[in-house]
Structures are given as structure tokens and as C-alpha cells.
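In: turn this into a model:
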Amino acid sequence: MTLVLYQSISYVLLGLTTISLWFYRAKFIWPICLIISLFFALLAGLITAKAFIPLGVLCLCYIILANDMHGFFHMLAAIIAAGISFGLMWHLFYGFDNLPLTPNQPLSPNAFPITLQIPYDIPFVGIFAIGFYVKLIDKADEWPPLWIKSLLWSILTTAICIILFFSMKLGAMDLKAPLVLFAYIPILFFFIIIPEEAFYRGFLQEAITRKLNNKLAPFLALLVVGLLFAITRIPLAPTLSFFFFSFFQSLFYSGAYYLTGFIEGAIITRSIFTLIHLFLLTYPSFT
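Out: Below you'll find the model as predicted:
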């Protein structure tokens, strides 16, 4: 019972860390929530002391990037931050023990079996990026136009992605509503979608665009980020068609970022299509 309590506290505080970035980032409430979360995660066995090595280096890299430095150290910090972030998304670092929500099983009869996890490593990909680097909406009057643009873009994204889904024979209509998916929605939103969009769009795409600083920069950034995003999706369904499908998904998420100017646009777009994919289509694809 004590272990479950410690696990719950650590995950709740990790989620509150993400939420506080939108409301109290300047007041640095989020580091307090994060430190307490890490403390309980240690007690719960979700992390060990080894986890602090990549997390400490990642935090330091974003502090360097936030200082608007240029030259060798700035480039080195960006490369290291990207490398550690990919390592966290691929669960490559020792010291993390993510909780499984479901064992290795398909969500529907014709889908790949997958293990839905409650990740403790992936959120750090976005927490430090948002905490030190990524631009967020900070004015109430910026939300209405962003929602309008994001919803319209989401309709276009969903329509085209569904067409691609069927034309690539990735699956079929698969109406489902298992209880585990409802439990997975907040985990997916706070611990996967927000961190990954903060990294891919808010950091990586923005950093490439700034570094190249020419007319082609936005398009090159979009292509590079799309390829990297698709590569990270390979474990979900190791097929060439799913790789290209993920690449096109990324193009639309990046488009939402360019259209709105904020990662919130990409987060909204990805969240809407992901929910439709989860509940209405075969997920992640046919075996």
C-alpha cells in the first residue's frame, strides 16, 4: 500500500509539474513539484540514482540554451539535449522503471500487441524544454484564435490522415472503448504528447529553423523532424507503411506549430487525431 501511495504521489506531482509550466513558470513552482516528485519516485523505486545523470545533463544543456549563447558550446548543448531526449523516449537509460498499465496485448484482435506504460522518463523530454526554452502562450486573448486555427487544422489533419491510414492498409474501422483507454488518456496527454511536442516542435524544429536562418529553413526543419519522429514510432509497428504514415503525421503537427506559432497548436492537433485513432481505428496497425 505504501509503495502504491509513493508511486501515485510521484506521478501526480510529475503531472502537476507539467501543468504549472503554463501558469507559474516565471515563479519557478515547477522545479519544486519536480524535486518532490523525484523524491517520492526514489522511494517508490520508479528511479534510482543513475537516473539523475541523464536528467542533470539534460537540465544543464537547456540552461545553456536558454542563455542565448552562440558558437560551439551552444551547438554541443543542443546535440546532447537531443541525444538524451531520444534516449529517454526510447527508454535507453538505466535508472528508470516505468509502470506497465497493461501487459503486452493488442487493443483489438487485428492490432499489434503493445504494452501501455505510465512513463516516468519521457516527461522530462518536455519539462526541461518548456521550463527553459520553449515559447508558450502567456496571454488570455491569444487562446481563442489559437483554438480556432488548431481545430480547423485538426479537421484537415484528421481527414487526410484517415485517408492515408486506409490507403496504406494500416488497419480498419475499429470502434472500441475499453476502460483501459479512458485511464490512458491523461497519461497519454501529460506524459507523452505534451513532452514529445515540446521537444519535436518547440525545441528541435525551432532550433533547426533558427540555426539555418534562411527561406528553406522551415521546410528543412519540417522534413528532419518528420523523419526523426517516424523513426521513434518504429517500435509501435515495425513496418515501412507505418513509418511513412508517422512521417506524414509529423508534417501536420509541425504545420500546426507554424500556423499558430505555439506548441499548444501542435498539442491540440495531435491530441485530437490520437484520440480518434485510439477509439475509432485499429491501433497501432494490422499485424
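
In: now residue 146: how far from residue 60?
Out: According to C-beta to C-beta, to the nearest Å, residue 146 and residue 60 sit 32 Å apart. Where C-beta positions appear, they are placed from N, C-alpha and C, glycine not excepted.

In: off-centre distance for the helix or strand encompassing residue 53?
Out: Using DSSP states H and E, residue 53 sits within helix 52-66. How far helix 52-66 lies from its chain's middle: 18 Å, per C-alpha atoms, centre = their mean, to the nearest Å.

In: could you do stretch 174-189 as well?
Out: The chain centre lies 17 Å from the centre of stretch 174-189; the measure is C-alpha atoms, centre = their mean.

In: buried sites along it?
Out: By 16 or more other C-beta atoms under 10 Å, the buried positions in stretch 174-189 come out as 174, 181, 184, 187, 188, 189.

In: and stretch 214-221, by the same measure?
Out: Across stretch 214-221, burial judged by 16+ other C-beta under 10 Å covers 218, 221.

In: re earlier: out of the buried residues of stretch 174-189, which is nearest to residue 131?
Out: Among those, residue 189 lies closest to residue 131 (C-beta to C-beta), at 18.3 Å.

In: quick check: which element contains the spatially closest residue to the closest one that is not a sequence neighbour?
Out: Nearest residue to residue 189, sequence neighbours excluded (C-beta to C-beta, 6 or more residues apart in numbering): residue 271, at 6.2 Å. Applying DSSP H and E as the criterion places residue 271 in helix 263-280.

In: just give me the residue right at the centre of the chain.
Out: residue 196 (1.9 Å; C-alpha atoms, centre = their mean).

In: which is the next helix or strand following the host helix or strand of that one?
Out: In this assignment (DSSP H and E), residue 196 forms part of helix 194-197. Using DSSP H and E, the next helix or strand after helix 194-197 towards the C-terminus is helix 206-212.

In: buried residues in that following helix, which are they?
Out: 206, 207, 208, 209.

In: for stretch 133-143, same thing?
Out: So, applying 16+ other C-beta under 10 Å, buried residues of stretch 133-143: 133, 134, 137.

In: how about the second one, what does it touch?
Out: When the contact criterion is C-beta atoms under 8 Å, 6 or more residues apart in numbering, the partners of residue 134 are 198, 202, 203, 206, 263.

In: contacts for stretch 266-275 next, please.
Out: Here stretch 266-275 makes contact (C-beta under 8 Å, 6+ apart) with 146-147, 150-151, 153-154, 157-158, 161, 185, 188-189, 193-194, 197, 200-201, 249, 252-254, 256-257, 260.

In: give me that answer again for 7 Å
Out: Contact with stretch 266-275 is made by 150, 153-154, 157-158, 161, 188-189, 193-194, 197, 201, 252-253, 256-257, as judged by C-beta atoms under 7 Å, 6 or more residues apart in numbering.

In: and if you look at stretch 71-86?
Out: 54, 57, 58, 61, 62, 64, 65, 125, 199, 204, 207.

In: distance of the residue lying closest to residue 248 once chain neighbours are set aside relative to residue 175?
Out: Spatial nearest neighbour of residue 248, chain neighbours left out: residue 164 (5.8 Å); criterion: C-beta to C-beta, 6+ apart. Relative to residue 175, residue 164 is positioned 20 Å away (C-beta to C-beta).
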